[in-house]
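A.B. asks: quick one, structure for this:
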Amino acid sequence: MTRHHVVCISLDSFPDAMIHSANTTDWYNTSLFTTTLQSKIKEVADFFGATNIVPHQKNTSTNGDLTQIDVPTLPMILGSSYGSVLNEHYGVYGSQLAYYALVGNGSYGGLLLQTPNTDNTGFLYINYSGWIIDSIKAQNHSTQYRPFIVIAGE
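C.D. replies: The predicted model follows:
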């Protein structure tokens, strides 16, 4: 990106929404992404201005597959990938997104990630204490989420 830009993530969680009705880890086919998040883009665009929102590459191998709104990945939060977390817990310290690097344990709400969990039945989640957990199942699970967008000036 050649323009000044900011990655914005909601301080507060959005209301609970179903992740998906099937047992899958294809984030972009979950009902939370295809229906719930897409319905929020107008609300976000009205707040920031539609022309200021920069579409960004989805976390897929298809080049040019863009989205305007999404939830973070594990590398976005931690600054690197820890590979498979294997049901272990990692503290979110020194993270890439400044908000998570500055707050202490318990200072922020939970955060759903689009990174698949280790048994491929759902997605990773950062709990209220700042630990990455492996327990959010995709099948018929409702959770809070905090999307991010990228905004840029001229």
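
A.B. asks: so after the longest helix seen in the chain, what's the next helix or strand?
C.D. replies: Counting residues, the longest helix found in the chain (DSSP state H) is helix 38-48. For helix 38-48, the following helix or strand on the C-terminal side (DSSP states H and E) is strand 56-57.

A.B. asks: beyond that next one, next helix or strand please.
C.D. replies: Counting by DSSP H and E, what follows strand 56-57 is strand 66-67.

A.B. asks: quick one: buried residues of the helix or strand following that next one?
C.D. replies: Per DSSP H and E, the first helix or strand lying C-terminal to strand 66-67 is helix 74-78. Going by neighbour count (16 or more other C-beta atoms under 10 Å), the buried part of helix 74-78 is Leu74, Met76, Ile77, Leu78. Every C-beta, even on glycine, is put in place using the N, C-alpha and C of the backbone.

A.B. asks: which one of these is nearest Asp46?
C.D. replies: Met76 (24.8 Å; C-beta to C-beta).

A.B. asks: about what we covered before: for the longest helix of the chain, give the mean pLDDT please.
C.D. replies: On average, the pLDDT along helix 38-48 is 90.

A.B. asks: can you map out the strands along the chain?
C.D. replies: 5-9, 14-18, 56-57, 66-67, 111-116, 122-126, 132-137, 142-145, 148-152 (DSSP state E).

A.B. asks: quick check: closest non-adjacent residue to Ile136.
C.D. replies: Distance criterion C-beta to C-beta, 6 or more residues apart in numbering; nearest residue to Ile136, sequence neighbours excluded, is Tyr125 at 4.2 Å.

A.B. asks: I'd say the one you found and Ala138 touch.
C.D. replies: No - judged on C-beta atoms under 8 Å, Tyr125 makes no contact with Ala138 at a distance of 11.4 Å.

A.B. asks: give me the more crowded residue out of the two.
C.D. replies: Taking neighbours as other C-beta atoms under 10 Å, Tyr125 and Ala138 compare with Ala138 leading, 26 against 20.

A.B. asks: ok, now which ones touch the more buried one?
C.D. replies: Shown in contact with Ala138 (C-beta atoms under 8 Å, 6 or more residues apart in numbering): Ile19, His20, Ala22, Asn23, Thr24, Thr25, Thr30, Thr121, Gly122, Phe123.
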